[in-house]
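Participant: below is the sequence, then the predicted model.
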Amino acid sequence: MEQIKTNKFKKACNLLADNSCLFRAIIATIFQTITMARAGFRIALLQLKVGANKQQNIENALTKIRSAVTDKGARIVALPECFNSPYGTQHFPAYAEEIPTGETSRSLAAIAKELGIYLIGGTIPERCATDSKLYNTCTVWSPEGALMATYRKIHLFDINIPGGITFRESDVLTGGSDLATVAIEGAKIGIGICYDIRFDELARLYRNQGCDMLIYPGAFNMKTGPLHWELLARGRANDTQSYVATISPARDASAGYVAWGHSMVVDPWAKVVAEANETEDTVVADVNLATVDEVRAQIPIFSQRRTDLYTTNAVEK
Ligand SMILES: O=C(O)CCC(=O)C(=O)O
């Protein structure tokens, strides 16, 4: 019996010795997989001045995109909500364009291709070619200039704070019904727009789908911005243990709708890692996907949820 065991052991050793190169390669791959930290990318958020002249708004965005890439080394550039039009229901019909045939889409596709970058194209008022309805829509462009995704704002901004702010996007816009994720540089990114950030359910769905980062072009105002903008960005980052980026237009005190500004990147620890003030500016941050993995491993709330006590949507990761 002992003899048989010894022979088997010798055979196994000989096999390993014969295939030592292969064996070493397998061990090296396993070790690498265990220890390999995920990389990341540099993102630039463009807090743009937006005025009444659509052509100027587009030109300004293109200039700032170029400089974020050539001067600051961004691989992904993100624009604010409603960057080609003043923000207001009275403006949306006049500024609306079809996607991807409108002039704004064509300009974004061309600059993404020229610079070889990923471009989160903020939002524009979209006129749908098939139903003629208006949507508040984000487009995402690849380094080849291809349209990777469109996201139509799901939760329309309808609020009424007497003496504060009253806004009813639903007077002219239709809400979208689809989530949108894109795979960029090893990260899965979920898109939301402004008011959407108030809905933790949407962020949860993206987390369930395996997102590492959530990007919200937005334009909070002088009433809700000071109270809620950072709170919500940090809240969603903390809930989902993801990076969160919020991108606002610059503040223009003379505009009909005065944006809060303060575009920011929040890391999965819910720490604000880069932030603008209210003026036109470019916010740059390095997104480190190893930080996502680190937080999720160290505070493993996702696997600790008591789904026997409350419902959540299907978990893919
Ligand atoms: O939720 C807020 O306070 C502001 C939302 C907003 O401005 C928007 O959805 O465009």
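Facilitator: Cool, got the structure.
Participant: when you work out contacts or count neighbours from here on, use the C-alpha atoms and nothing else.
Facilitator: Fine.
Participant: count of residues packed around the residue in the chain that the ligand sits nearest to?
Facilitator: Of all residues in the chain, Tyr195 sits closest to the ligand, at 3.6 Å by CA to the nearest ligand atom. When neighbours are defined as other CA atoms under 10 Å, Tyr195 has 18 of them.
Participant: do I have it right that it meets Gly218?
Facilitator: Yes - Tyr195 is in contact with Gly218 according to CA atoms under 8 Å; the separation is 7.4 Å.
Participant: returning to that earlier point: contacting residues for the residue of the chain closest to the ligand?
Facilitator: Applying CA atoms under 8 Å, 6 or more residues apart in numbering to Tyr195 gives the contacts His155, Leu156, Phe157, Gly218.
Participant: apply 10 Å and report the result again.
Facilitator: Lys153, Ile154, His155, Leu156, Phe157, Asp158, Tyr216, Pro217, Gly218, Ala219, Phe220 (CA atoms under 10 Å, 6 or more residues apart in numbering).
Participant: strands of the stretch 1-150 of the chain, start to end?
Facilitator: Remark: strands assigned in the stretch 1-150 of the chain by DSSP state E, counting those that start in this stretch are 40-47, 76-78, 118-120, 124-127, 134-141, 147-152.
Participant: could you export these as TSV, including mean neighbour count and mean pLDDT?
Facilitator: Output for the strands of the stretch 1-150 of the chain, formatted as TSV (neighbours: other CA atoms under 10 Å; pLDDT from 0 to 100):
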stretch	mean neighbour count	mean pLDDT
strand 40-47	24	98
strand 76-78	25	98
strand 118-120	26	98
strand 124-127	26	98
strand 134-141	26	98
strand 147-152	20	98
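Participant: among the ones you listed, which is nearest Ala290?
Facilitator: Each of the strands of the stretch 1-150 of the chain has some distance to Ala290 by CA to CA; the shortest is strand 40-47, at 7.9 Å.
Participant: chain center to the closest one: distance?
Facilitator: Its chain's C-alpha centre and that of strand 40-47 lie 10 Å apart, by CA atoms, centre = their mean, to the nearest Å.
Participant: for stretch 255-269, same thing?
Facilitator: Distance, centroid of stretch 255-269 to centroid of chain: 14 Å (CA atoms, centre = their mean).
Participant: dump the contacts of Tyr195 to TSV, plus neighbour count and pLDDT.
Facilitator: Conversion of the contacts of Tyr195 to TSV gives the following (neighbours: other CA under 10 Å; pLDDT from 0 to 100):
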residue	neighbour count	pLDDT
Lys153	25	98
Ile154	21	98
His155	21	98
Leu156	22	98
Phe157	18	96
Asp158	12	96
Tyr216	28	99
Pro217	32	98
Gly218	29	98
Ala219	29	98
Phe220	23	98
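Participant: flag every residue of the stretch 51-200 of the chain that's near the ligand.
Facilitator: Phe157, Cys194, Tyr195 (CA under 6 Å from any ligand atom).
Participant: since that was my last question, I'll sign off now.
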